[in-house]
Structures are given as structure tokens and as C-alpha cells.
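**Student:** I need the structure of the sequence given here:
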Amino acid sequence: MNYKYGKLFFLGFPGGIDDEALNIILKYKPAGIILYPGNMNSIEELQISMDKLYSLNIPLLISSDHEGGQLETVPGILSSPGNYAIGKTNEPNIAYKYAFYLGKKLKEFGFNMVFSPVLDVLHKDSSAVTGFRIFSDSPEKVSIFGTQYIKGLNDAGILSTAKHFPGHGKATHDSHEETPVIDNFSFNDYDLLPFENAIKNGVEMIMTAHIIYKNLDEDLGTVSKIILNDLLRKKLNYNGLIISDAIEMKAFYNNYFPDKGVELFFNNGGDILMIAEAKKNFKPIYTSFINLIENKKIDTESINLKIKKINEIQKKYFNENYEGKFLTDIAKKSLKINIKKDFHINLDTDKVSIVIPEPKNLSQADTTAKDLEKLESLLNLEFKNTNIFKYNPLNGETYSELPKNSKVISFVLDSFRFPEQYKLHKKIKSLNKDIIYVIIRNDQDETLYKDESYIITHSTKLISIYNAIKAIKKL
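**Tutor:** Residues are numbered from 1 along each chain as shown. Model (predicted):
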């Protein structure tokens, strides 16, 4: 299959960025990746997700839905009262100030893009999905505050996304759940004003609305030639990128998935199709796209122009380094790896068992337990169909029968301090074929395992343990 058209898609992996997800990204090299809460349940998990994406060494737009207020998804960012509250201050500079703050934090973590701001206008019957994500019920005010918000993001080095074109405010239903229909919308609608001013001020990405604007077209705005081409491209003179909202939203998925939506979106002006659940939906969408190309139902010349624009945006916003990356570099550089030549784990064929300590602090000046609370979920993501055994690091007590005749990864937590824990690790060795010890705290443990295969992380932090796991998976 021809993979070169991957640039036309933005992919999400809400269940976690595992090996399957990384292989899809590396093979198709999409325009970008959206990180969902499932990719960053904690700041530690976000740090690992970023390391995975940047380790691929390909240019990616990396985004989230973090708008502030009603929709906040990224950990480690102070909560905002939200756009509606910002609008109520009547001080547009606050929209700039928050967006600049948000942008700086996102960039520090490794993001270079965000699906924000919402430029919809609040109406009396606006649906709950619109809610307080909107600056105001005044198009002029949304326009002023939205433009300042975009400027704040851009000044922080973050690609902004104006949404949801041509306007979601008049919709009384949620396009996640059904197909909203707006009867009264025109080419001169006041709800267009915020988008018009955003375009005049250089916005580079606009997201579509999965809504039918009945007096303009019978199709969703996302796939409508009248809305994308005649209104947005021609009347408003927009030359930037058009990205769809997620195709999994029922307004799109129930009516256009996969063939019809692909053909209409790309032929009628769209540039990037958003696939929120890529493991499930990317393959049928991409197969449909290739079939349409081969049957000359999509013009390859226009597709190549889209790819060129996407490449330019990626080049502008992607940087292989980001402010917080040096912490990940420390984790990598501080690893000590001592693996016997004959030690090897085949994740496809070998039975692998993992032994981990229960989360416990070893002193009052210690947050080890907080780190270890997240270890099991990390291991379940990195190793499929693996049995995990837990032990009490203080007394070596276990709560299930130990693994036998398996390849074992055993995590050591200051076993030199706790003789019963040390006995446990040696017993595990006697029951199994091969074992590798991951020493995650004090390297005084090294002398106890000097004749074994081991990795020392010099840290209990998840980013350090992840890099030890990555080294094991490469064996």
C-alpha cells in the first residue's frame, strides 16, 4: 500500500500510545497526533507520551483539546475559569494573557499546536457542548477576544485552531451524539465575524463543524463544497489549512464513514481528516482514500498541494527539542545497562512475568509510592498479555504464587536494606529460566546482582523506568 498520503490525517490513540500506535505513526507519518486524557492521565504519563513521539524522529504536529475552563485535558496546567468568564472581564488582554500562559506551558511539555480557541457565538438555545467554551453572545466580542487568544498562542510558538467553522452556536444539539441542523444561516451571518477577523489576522488552521446548515447545503459543513470552498476559501479568502472535527462524532460517522466522507471532504476543500480512534478507524478510511485515488475520484494534483501546505506548517512549528526534553535526556543518560549476551526477550513468543514492589515510601522525605502507583499501568501498556506479581518491599511478602518457567523482569527497591526482599528476588531466580533485575532506587543493590543481567535507573521516576523498559524491549 502507498503510505505517502498519511500527511492528510490527524490521528488519536485514546487508549494509550503503545507499540501498535507507534508503528502506525512511523509507517504513515501523519500530519499530527492528538493527545487525549488517556495518553496523559498524569504529568508522568504525558512525559512518556512525548518521549515516544519525539523518539520517532519525524516532524509531527502534537496537539490537545485543552481550551481552558469547560474543556481542560493536559495535566500540570493551572485551571482557567474559562472563555466565558474571560469574556465577562471585558478585558481582551486577559484572553491574550491566558493563551500566552497556556501556549508556554504546552510548548514546555512538547506540544506545538492546540485545538483552540472556540470562535462560536453563544445563542439562547446553544447546546451544552458549546456551553462556557464561548467568549460571548456578541459576535464582535468573540471576534476581539478570539483574535487576542490566537495572538497569545502564536506568540508562545503554538499553532492555534479556530473552531468550529462556520459556527456551532445556533445548534441546539450535540454533534457528538446526533446530527444538528441549523435552518437560519447565510453567507452574511453574524456568527462568521470571529472567523473572518481571525483569517484577517493570519490564523493558519480552521476546524469544521459537523452540522447541517440547511439553507446552504444538505450535507454537513465538514464536507460541504458551498461552506468549505465557496464560503471559506472564496468569500473569506482563507488560504490556510482546514481540518475536520473528529470523524467518530456521530453526525459524521453515522452518515459519511468511510467512503462518502473521504471523497467529499478532500474534493470540497478539506486538507486534514481527524481520526480520534486511529486503531479502529484509520485503516478503513485510508483504504477508502487509496481506492478513490486509484479510481481517479480524488484529484492527485490538489492532494499534492495539500501535502505541501502541511509540510510547510510542520516545518514551521515542529522542533526536535522542547524545554522539558532535557529531563528525559537525563533519564536516558543515567541508565546503567549490564545484560548478559545470551539474555533475550521475544515479546511475541516468550512467556514474560514481571515482579514489582507495592507502592511504599521509604522515608518521610520520599515520594517513591507516588511513582510506583503508576508503574503497573505503564507495564500493561508496554507488555501485552503479561502477568504482574506484586511484593511488599519491606518484608518480601507476596500475595500470589511466584512465576515459574518464565522469563522474568524483577524490579528491585533497596533490597540491600531489606533481607527478606533480597531472598525473594533470589528465589524468583531459582524458579525461572532467565531474569533481568531493574534496580530502581539505590545502586548499592548492584553488588548483590553483579553476576546477573541488570539495569540501574538511579531513579524511581516513571520516565526513568520507561527508558529501562525500552532498553529491555530492544534486546
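
**Student:** hang on, isn't residue 39 packed against residue 21?
**Tutor:** No. Counting by Cβ atoms under 8 Å, residue 39 does not reach residue 21; the two are 9.3 Å apart. To be clear about C-beta, it is placed using only N, CA and C from the backbone, and glycine gets the same treatment.

**Student:** what does stretch 195-208 rub up against?
**Tutor:** 113, 115, 119, 143-144, 146-147, 150-151, 154, 159-167, 220-222, 227-228, 232, 236-238, 240-245, 270, 274, 313 (Cβ atoms under 8 Å, 6 or more residues apart in numbering).

**Student:** my bad, stretch 27-39
**Tutor:** 3, 6-17, 25, 45-46, 49, 53, 58, 60-65, 73-74, 111, 113, 115, 272, 274, 276, 282, 286, 310, 314.

**Student:** Stretch 229-238 now?
**Tutor:** By Cβ under 8 Å, 6+ apart, the residues outside stretch 229-238 that reach it are 165-166, 187, 192, 195-196, 199, 206, 216, 239, 242, 268-269.

**Student:** Swap in 6 Å and give it another go.
**Tutor:** The contact list for stretch 229-238 (Cβ atoms under 6 Å, 6 or more residues apart in numbering) reads 187, 196, 199, 268, 269.

**Student:** go on, stretch 105-115?
**Tutor:** 50, 61-66, 77, 156-159, 161, 317-318, 322-324.

**Student:** Narrow those to those in strands?
**Tutor:** In strands, defined here by DSSP state E, the members of the contacts of stretch 105-115 are 61, 62, 63.

**Student:** List just the nearest of those residues to residue 361.
**Tutor:** Looking at the ones in strands among the contacts of stretch 105-115 and their distance to residue 361, the nearest is residue 62, at 33.8 Å (Cβ to Cβ).

**Student:** thinking again about what came up before, identify the farthest-apart pair in the contacts of stretch 229-238.
**Tutor:** Most distant of the contacts of stretch 229-238, by Cβ to Cβ, are 196 and 268, 20.2 Å apart.

**Student:** Pick out whichever of those two has more residues nearby.
**Tutor:** residue 268 (20 against 16; other Cβ atoms under 10 Å).

**Student:** measure that one to residue 208 for me?
**Tutor:** 10 Å (Cβ to Cβ, to the nearest Å).

**Student:** Repeat that for residue 336.
**Tutor:** 51 Å.

**Student:** neighbour-wise, which of the two wins?
**Tutor:** Per other Cβ under 10 Å, whichever of residue 336 and residue 208 has more neighbours is residue 208, with 26 against 13.

**Student:** If we ignore the residues flanking it in sequence, what's nearest the more buried one?
**Tutor:** Spatial nearest neighbour of residue 208, chain neighbours left out: residue 222 (4.1 Å); criterion: Cβ to Cβ, 6 or more residues apart in numbering.

**Student:** Now find how far off-centre stretch 246-254 is within its chain.
**Tutor:** Centre-to-centre, stretch 246-254 and its host chain are 19 Å apart (Cα atoms, centre = their mean, to the nearest Å).

**Student:** Would you mark the buried spots in it?
**Tutor:** 246, 247, 248, 249, 251, 252, 253 (16 or more other Cβ atoms under 10 Å).

**Student:** ok, the nearest residue to the third one once chain neighbours are set aside - contacts?
**Tutor:** Going back to what we said before, that points to residue 248. Of all residues not flanking residue 248 in the chain, residue 276 sits nearest, at 4.7 Å (Cβ to Cβ, 6+ apart). By Cβ under 6 Å, 6+ apart, the contact list for residue 276 reads 12, 246, 248.

**Student:** As TSV, the residues you listed with distance to residue 366 and pLDDT would be great.
**Tutor:** Putting the contacts of residue 276 into TSV (distance: Cβ to Cβ, whole Å; pLDDT from 0 to 100) gives the following:
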residue	distance to residue 366	pLDDT
12	36	98
246	42	96
248	43	96
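
**Student:** still on that earlier bit, now which of the contacts of stretch 105-115 would you call buried?
**Tutor:** 50, 61-66, 77, 156-159, 161, 317-318, 322, 324.

**Student:** Show me the shaky parts of the chain.
**Tutor:** Residues of the chain meeting the criterion pLDDT under 70: 1.

**Student:** Tell me who's in contact with the residue located most distally from the centre of it.
**Tutor:** Note on the chain: the largest separation between a C-alpha and the mean C-alpha position, by Cα atoms, centre = their mean, falls on residue 419 (42.9 Å). For residue 419, the contact set (Cβ under 6 Å, 6+ apart) is empty.

**Student:** Distance of it relative to residue 442?
**Tutor:** Taken as Cβ to Cβ, the span from residue 419 to residue 442 is 15 Å.

**Student:** ok, back up a step: quick one: what helix or strand has the residue nearest to residue 208 in it?
**Tutor:** Applying DSSP states H and E as the criterion places residue 222 outside every helix and strand.

**Student:** need the contact list for it.
**Tutor:** Residue 222 touches 208, 210, 244, counting by Cβ under 6 Å, 6+ apart.

**Student:** State the distance from the last one to residue 253.
**Tutor:** Okay, so that is residue 244. Taken as Cβ to Cβ, the span from residue 244 to residue 253 is 11 Å.

**Student:** what's the answer for the first one, then?
**Tutor:** Taken as Cβ to Cβ, the spacing of residue 208 relative to residue 253 amounts to 14 Å.

**Student:** repeat for residue 342
**Tutor:** Taking Cβ to Cβ as the measure, residue 342 falls 51 Å from residue 253.

**Student:** Among the contacts of residue 276, which are located in strands?
**Tutor:** Those of the contacts of residue 276 lying in strands (DSSP E): residue 12.

**Student:** can you list the contacts of residue 276 in a markdown table and add distance to residue 435?
**Tutor:** Listed next are these as a markdown table, based on distance: Cβ to Cβ, whole Å:
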| residue | distance to residue 435 |
| --- | --- |
| 12 | 37 |
| 246 | 44 |
| 248 | 43 |
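
**Student:** Go through the contacts of residue 276 and name the one nearest residue 375.
**Tutor:** residue 12 (25.0 Å).

**Student:** check contacts around that closest one.
**Tutor:** 34, 36, 276, 278.

**Student:** Please report how far it lies from residue 246.
**Tutor:** Note on residue 12: its distance to residue 246, by Cβ to Cβ, is 7 Å.

**Student:** And for residue 373?
**Tutor:** When distance is defined by Cβ to Cβ, residue 373 is 31 Å away from residue 246.

**Student:** Could you do residue 363 as well?
**Tutor:** Taking Cβ to Cβ, one finds residue 363 at 46 Å from residue 246.

**Student:** do the same with residue 135
**Tutor:** From residue 135 to residue 246 the distance is 23 Å (Cβ to Cβ).

**Student:** Same check on residue 467?
**Tutor:** Applying Cβ to Cβ to residue 467 and residue 246 gives a distance of 32 Å.

**Student:** for the stretch 201-350 of the chain, what spans make up the helices?
**Tutor:** 225, 250-256, 259-267, 278-294, 300-317, 325-333 (DSSP state H, counting those that start in this stretch).
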